[in-house]
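In: build the 3D model from these lines:
(one chain, ligands or ions: 2)
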Amino acid sequence: MDGTTERLDPDAAGVARAADLLRAGRLVAFPTETVYGLGADARQGEAVAAIFEAKGRPRFNPLIVHVPDVREAERYGVFPAAARSLVAGGWPAGLTLVVPLREGTGLSPLVSAGNPTVALRLPKADLAQRLLRNFGGPLAGPSANPSGRVSPTTADHVLSGLSGRIAAVLDGGPTEAGLESTILGFPDGVPTVYREGVWQAPASMPRLTKAGEGRADAPGQFSSHYAPKGSVRLDAVTARPGEWHIGFGPVRGDVSLSPAGDLREAAAALFSLLHEADAAGRDRIAVAPIPDRGLGRAINDRLRRAAAPRQAFRL
Ligand code: TXA
Ligand code: MG
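Out: Residues are numbered from 1 along each chain as shown. Ligands and ions are numbered 1, 2, ... in the order given. Down below sits the predicted model:
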C-alpha cells in the first residue's frame, strides 16, 4: 500500500481500531515483550502475502503465529508431550514453539511457507494480549522491519522502516526485552533450540547446528522447504502433453494463481496450488511466467526451489 500509517494509542479505542483494521485484512504493527511484530490475520492469505510485500522480503519464510491462549495454540498445532510440559505452568515470555501443523484449521499455507509445521507464540505483553483478545484470531507476525534491517523495539523504529507501507502501528512504547523470542522445535520429540532469544534455554538442551543436519524445519533452511513430488517446469506459456498447468494472468492454465495477474492473490494461492497438484498425483507441473518484481520475486524464488534438482533439497 501507499498511504499514511496511523499511530494508535494503547487504549481501548486504539486496540479496537487495530483489531478492526486486522479483520479488514490490513497490516498492523504491535508490541510484544520481545520486539514489534507486523501483524496480519493468519487466516487471510492475501493479508499474509501483504506482509512479505511490505517487508520487501524476497523469500517466503514461515511466520510466527501469535495466539491469546494455549487452547488456541493447540487448535493450530499438535503439541508433543515436551511442548505441553513447557507451557503447562503458563506460556513463558519470549518463547516460540515449532510444532506439527494441524490440518484444516484455516491458517493460510503461506504462514508455514508450505511446511508441515507451525511456529506458535503466546506473547506476554499486556497490549499484545488485549489486541489478540479483541481481534479474536491468530495473528501472523514477523518482526516489523524491512527485510534485512534490525528488529524494531519502538513504534518510531517501525515507522522509520514501514511508514506508508502498513495501515497502523499500535504504540505501546519501548518493548521490554528488545530481542527476539527463543525458537524451540521438537525433532523426534526432543526440545531443540532453533534460534537463541529472550527465553533462556537450559545449557543441556540441544542446539541446532548451523548446517541444520538435514532438518527440513529449521529457520534459515529455506532450500529444504516443501517441494512438490512432481517435477516442475517454469516460464511455461503453454503446457506440454501430460503437464498440469498452473496459470497466471493471461496464461490461463488448468488452474490459475491469479486470473487477474495480481501478485498478492498469486502469493496467497501458491502453496495451496502446489499441494493440490501433489494431492491429485500430478507428476508433471508447468507454471506460467511470473513477473519478477515485488512479491513476484518471492514467488519466483519459491518456484525455482520447487523446480531445482531434488538432490539440492537434501541438505
Ligand atoms: O520475538 C519474535 O520472535 C518476533 C515477534 C514479533 O514475535 N518475531 C520474529 O519473527 O522475530 P521473524 O519472522 O523475524 O523470525 C521468525 C523466525 C524465522 O527465522 C522463521 O524462519 C522461523 O522463525 N520460523 C517460523 N516458522 C517456522 C517453522 N514452522 N519452522 C521453522 N522455523 C520457523
Ligand atoms: Mg526478523
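
In: any idea how far Ala47 is from Arg293?
Out: 20 Å (CB to CB, to the nearest Å). To be clear about C-beta, it is placed using only N, CA and C from the backbone, and glycine gets the same treatment.

In: ditto for Ala269
Out: Going from Ala269 to Ala47 by CB to CB gives 14 Å.

In: residue ranges with poor pLDDT in the stretch 151-300 of the chain?
Out: Counting by pLDDT under 70, the stretch 151-300 of the chain contains low-confidence ranges at 209-226.

In: what residues does the stretch 101-250 of the chain have near ligand 1?
Out: Within the stretch 101-250 of the chain, the residues that sit near ligand 1 (CB under 6 Å from any ligand atom) are 112, 115, 117-119, 121, 141-143, 180-181, 183, 194, 217, 219.

In: report the contact partners of the residue nearest to Pro291 when sequence neighbours are not counted.
Out: Spatially, and ignoring its direct neighbours in sequence, Pro291 is nearest to Leu263 (7.3 Å; CB to CB, 6 or more residues apart in numbering). Contacts for Leu263 (CB atoms under 8 Å, 6 or more residues apart in numbering) come out as Ala49, Glu53, Ile290, Pro291, Arg293, Gly294, Leu295, Gly296, Ile299.

In: what do you get if the cut-off is 7 Å, keeping everything else the same?
Out: Taking CB atoms under 7 Å, 6 or more residues apart in numbering, we find Leu263 in contact with Gly294, Leu295, Gly296, Ile299.

In: next one: Phe248
Out: Ser256, Leu257, Ser258, Gly261, Ala266, Ala288, Ile290.

In: mind listing what Val237 touches?
Out: Val251, Ala288, Pro289.

In: so the residue lying farthest from the centre of the chain: helix, strand or coil?
Out: Going by CA atoms, centre = their mean, the residue of the chain most distant from its centre is Pro241, 35.4 Å out. Applying DSSP: H, G, I helix; E, B strand; the rest coil to Pro241 yields a three-state assignment of coil.

In: coming back round to it: quick one: which of Arg293 and Ala47 has more around it?
Out: More crowded of Arg293 and Ala47, by other CB atoms under 10 Å: Ala47, with 24 against 9.

In: confirm that one sits in a helix?
Out: Yes. Per three-state DSSP, Ala47 lies within a helix segment.

In: just checking, it touches Gly25?
Out: Yes. Taking contacts as CB atoms under 7 Å, Ala47 lies within contact range of Gly25: 4.2 Å.

In: all helices of the stretch 101-250 of the chain, in order?
Out: Remark: helices assigned in the stretch 101-250 of the chain by DSSP state H, counting those that start in this stretch are 126-135, 155-162.

In: please convert the ones you listed to a markdown table, extending it with mean neighbour count.
Out: Formatted as a markdown table, the helices of the stretch 101-250 of the chain follow (neighbours: other CB atoms under 10 Å):
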| stretch | mean neighbour count |
| --- | --- |
| helix 126-135 | 20 |
| helix 155-162 | 21 |
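
In: now these as TSV including distance to Pro31?
Out: Formatted as TSV, the entries for these read as follows, by distance: least, CB to CB, whole Å:
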stretch	distance to Pro31
helix 126-135	6
helix 155-162	8
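
In: circling back to that earlier point, quick check: neighbours shared by Ala47 and Gly25?
Out: Asp41.

In: the residue farthest from the centre of the chain and Ala268: what is the separation?
Out: The value you get for Pro241 to Ala268, if CB to CB is used, is 30 Å.
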